[in-house]
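Student: Give the three-dimensional model of this entry:
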Amino acid sequence: MGAYLVADQVIRLKQIVVRTDPKDKKKLEAVLEGTNHYMSKEDGVLKASVFIPDDKLDKMLDDIIAIVDLRYKERMIEVYSPDFVISSSLKR
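Tutor: Model prediction:
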């Protein structure tokens with residue numbers, strides 16, 4: 001499982017990757033506020049990636065599902081459990 005060490009405590013991480021309509025950008029940014037996330041536009045689809053602690057996954061997914069219209073095949077939400085994550089930004 002993906003984890004990082006903060007003050008001698010291991011925090012389990014999940015990665016969420018969202019593919020949605022670029023019109024959803026402001027709503028998605030509001031949900032991801034305060035997280036370390038990355039957004040890009042690829043082939044007319046907004047792609048967002050965020051690492052969050054395991055215990056915040058359910059709430060974050062509920063908020064994202066409320067935004068993304070999953071009736072379209074190019075829109076999806078993926079959740080991964082990385083083996084490990086190395087990043088100075090995750091220590092902040």
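Student: going on from the lowest-mean-pLDDT helix or strand in the chain, what's the next piece of helix or strand?
Tutor: Sorting the helices and strands of the chain by mean pLDDT, DSSP states H and E puts strand 2-6 at the bottom, at a mean of 54. Later in the chain than strand 2-6, the nearest helix or strand by DSSP states H and E is strand 9-20.
Student: And the next helix or strand past that following strand?
Tutor: Next element after strand 9-20 (DSSP H and E): helix 25-32.
Student: Might you list the low-confidence residue ranges for this protein?
Tutor: Where the chain drops to pLDDT under 70, the residues are 1-9, 89-92.
Student: So which residue is dead centre in it?
Tutor: With distances taken as Cα atoms, centre = their mean, residue 50 lies nearest the centre of the chain, 2.9 Å away.
Student: leaving aside the residues next to it on the chain, what's closest to that one?
Tutor: Leaving aside its chain neighbours, residue 50 sits nearest to residue 37 (3.9 Å; criterion: Cβ to Cβ, 6 or more residues apart in numbering). In short, each C-beta sits where N, CA and C put it, glycine included.
Student: what's the spacing between that neighbour and residue 71?
Tutor: Per Cβ to Cβ, to the nearest Å, residue 37 is found 24 Å from residue 71.
Student: quick one, which of the two is more surrounded?
Tutor: residue 37 (17 against 6; other Cβ atoms under 10 Å).
Student: Now do the contacts for that one.
Tutor: 48, 49, 50 (Cβ atoms under 8 Å, 6 or more residues apart in numbering).
Student: try residue 88
Tutor: By Cβ under 8 Å, 6+ apart, the contact set of residue 88 is empty.
Student: Can you give me the distance of it to residue 36?
Tutor: In this view, residue 88 and residue 36 are 10 Å apart by Cβ to Cβ.
Student: in the sheet, who's paired with residue 76?
Tutor: residue 19 (DSSP bridges).
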